[in-house]
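Asks: Sequence first, then the predicted structure:
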Amino acid sequence: MATVRKREGKKGVSYQIRASCGYDSRGKQIVRSETWRPAPGMTPAQIKRELERRKVALEAQELTISGAVKFEDFAERWFKEVGEHTLRANTLDSMRRRAARVYQGIGHIRLDKLTALHIQSLINNLQEEGINKTTGGGLAPSTIRGYMAFISIVLTYAAKIGVISSNPCSRVTLPASKHKEKEVYTIQEAQQLLDSLQGAPTVWRVFFTLAIYGGFRRGELLGLEWPDIDLEGQTISIRRTSNYTKSKGMYTDTTKTVGSQRTVKMPLEVISLLRSWKAEQAQQRLILGQQWGAGDRVFTSDEGKAVATSSPREWLSRHCKRTGQRCLGIHVFRHLNASLLITGGADVRTVSAMLGHSNTSTTLDLYAHTFQEAQARASEAVADLLQAKAK
């Protein structure tokens, strides 16, 4: 922000306008300034308008010389000017976690000196043995792409506002992605899991039944409130999510995309289970009275609090260990739901709408192999029918 200081001297009133213009190679702040004297006869309103015009002009000149700013300083500026205003809290939190390691590698380099070779060196370093403290190896290609995404979004902004001429990330080579077939529960395993939930607390029976039948995201399920559920119409509407970040704690947010807001029809057995849970929860709410703290949330603890984002995975892990079943995590139920829909003959638009994808291309990218298998089975069925008629 430019500042204005009024001065009175022998030659009359003058104004000094100052603006910060980034940092030099030694990290010293660069300040640009100019002195302006009003013309004789100018009114206070005219002086004020001219000062505002000159402040804007001086701030705009900052962009012509701020290439001297170090990457870390500019990235922090991007967080404040862009990231904090445009990114979802969990995405911003993820970017912040990546920033620390990126700053170690290239944070000290000026933007106008930062090259594709600098960034390539950092990317190569992330693949070296020992970088991953959990496995002892290098970081996974998908994780490295996350770091690259952070660097690129900062440099894209720098290029957009004219600090640098182009984004050097476009000339960096990333490690090839390792295709890994998604592990998904079989229909038999899904049914076994549902059967094993019969003796489980109702809250978890409802949670995992909805995860399987609706393909909802974890945050979408935890964000459900009773007004979102039409027991008579047998529908569930997704309108919000419940999330957690270290900086904010647990918080309620909008859905991942506008397309994620959707209404899904549920079978009668699922609605019956929801009715039972609503009655059970109402009893618990009466017992706790004013101590109830979860509002209209569907998923609550015995203490009347909203279920924490980590709780479903933790409970499922313990349950699978007790019952001897595979534990593949929460998100796998979403893939199971998609596979069941496709195998059952649902077209890509229906599957996309059910999962809340913003467009059908996302669905096709994620489940191309499953669609191909379903199409192959359909072709074989047509061939079998034609051959049978020919006999």
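Replies: Received the coordinates, thanks.
Asks: Relative to G219, how far out is H118?
Replies: Counting by CB to CB, to the nearest Å, the separation of H118 from G219 is 37 Å. (Glycine included, C-beta is placed from N, CA and C.)
Asks: quick one: which of the two has more around it?
Replies: Under the criterion of other CB atoms under 10 Å, the comparison of H118 against G219 puts G219 first, with 21 against 17.
Asks: ok, for the more buried one, nearest residue in space, not its chain neighbours?
Replies: T241 (3.6 Å; CB to CB, 6 or more residues apart in numbering).
Asks: That neighbour pairs with what?
Replies: T241 has these beta-bridge partners by DSSP bridges: D253.
Asks: quick one, what contacts it?
Replies: The contact partners of T241, taken as CB atoms under 8 Å, 6 or more residues apart in numbering, are 217, 219-220, 222-223, 252-256.
Asks: try 10 Å this time
Replies: 88, 90, 216-224, 251-256, 260, 309 (CB atoms under 10 Å, 6 or more residues apart in numbering).
Asks: cool, and R349?
Replies: 360, 363.
Asks: That one: helix or strand, and which one exactly?
Replies: Assessed by DSSP states H and E, R349 sits inside helix 348-355.
Asks: how about that helix as CSV, C-alpha atoms only?
Replies: Output of helix 348-355 as CSV, limited to C-alpha atoms (Å, rounded to 0.1, in the frame of the first residue of the first chain):
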residue,chain,number,x,y,z
VAL,A,348,-21.9,-41.7,-17.3
ARG,A,349,-24.3,-38.8,-16.7
THR,A,350,-26.2,-40.7,-14.0
VAL,A,351,-23.0,-41.8,-12.3
SER,A,352,-21.5,-38.3,-12.5
ALA,A,353,-24.7,-36.8,-11.0
MET,A,354,-24.8,-39.4,-8.2
LEU,A,355,-21.2,-38.8,-7.2
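Asks: how close does G233 get to I271?
Replies: 9 Å.
Asks: list the residues that contact both of the two?
Replies: K265.
Asks: So the two - more neighbours on which side?
Replies: The residue with more neighbours, out of G233 and I271, is I271; 19 against 11, by other CB under 10 Å.
Asks: dump the residue contacts of T186.
Replies: Going by CB under 10 Å, 6+ apart, T186 touches 192, 326, 336, 339.
Asks: So what's the residue count around K6?
Replies: K6 is flanked by 10 other residues according to other CB under 10 Å.
Asks: So what pairs up with it in the strands?
Replies: Beta-bridge pairing for K6 (DSSP bridges): Y15.
Asks: Touching, it and S14? I think so.
Replies: Yes - under the criterion of CB atoms under 10 Å, K6 makes contact with S14 at 7.8 Å.
Asks: Assign H108 to helix, strand or coil.
Replies: Here H108 is coil, with the state taken from DSSP: H, G, I helix; E, B strand; the rest coil.
Asks: The helix or strand in which A99 is found: how far from the chain's middle?
Replies: For A99, the host element (DSSP H and E) is helix 89-106. Relative to its chain's centre, helix 89-106 lies at 14 Å (CA atoms, centre = their mean, to the nearest Å).
Asks: Next: stretch 232-241.
Replies: The answer for stretch 232-241 is 22 Å, by CA atoms, centre = their mean.
Asks: What residue, apart from its backbone neighbours, is nearest R145 spatially?
Replies: L174 (6.1 Å).
Asks: Wait, the one you found touches L139, no?
Replies: No - with contact defined as CB under 10 Å, L174 does not reach L139; the gap is 11.6 Å.
Asks: tell me, what's touching the two both at once?
Replies: What both L174 and L139 touch, as defined by CB under 10 Å, 6+ apart, is the set 123, 127, 145, 147.
Asks: what would the residues you listed look like in a markdown table with distance to V351, secondary structure and pLDDT?
Replies: Output for the shared contacts of L174 and L139, formatted as a markdown table (distance: CB to CB, whole Å; DSSP: H, G, I helix; E, B strand; the rest coil; pLDDT from 0 to 100):
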| residue | distance to V351 | secondary structure | pLDDT |
| --- | --- | --- | --- |
| I123 | 35 | helix | 95 |
| Q127 | 35 | coil | 92 |
| R145 | 26 | helix | 94 |
| Y147 | 32 | helix | 95 |
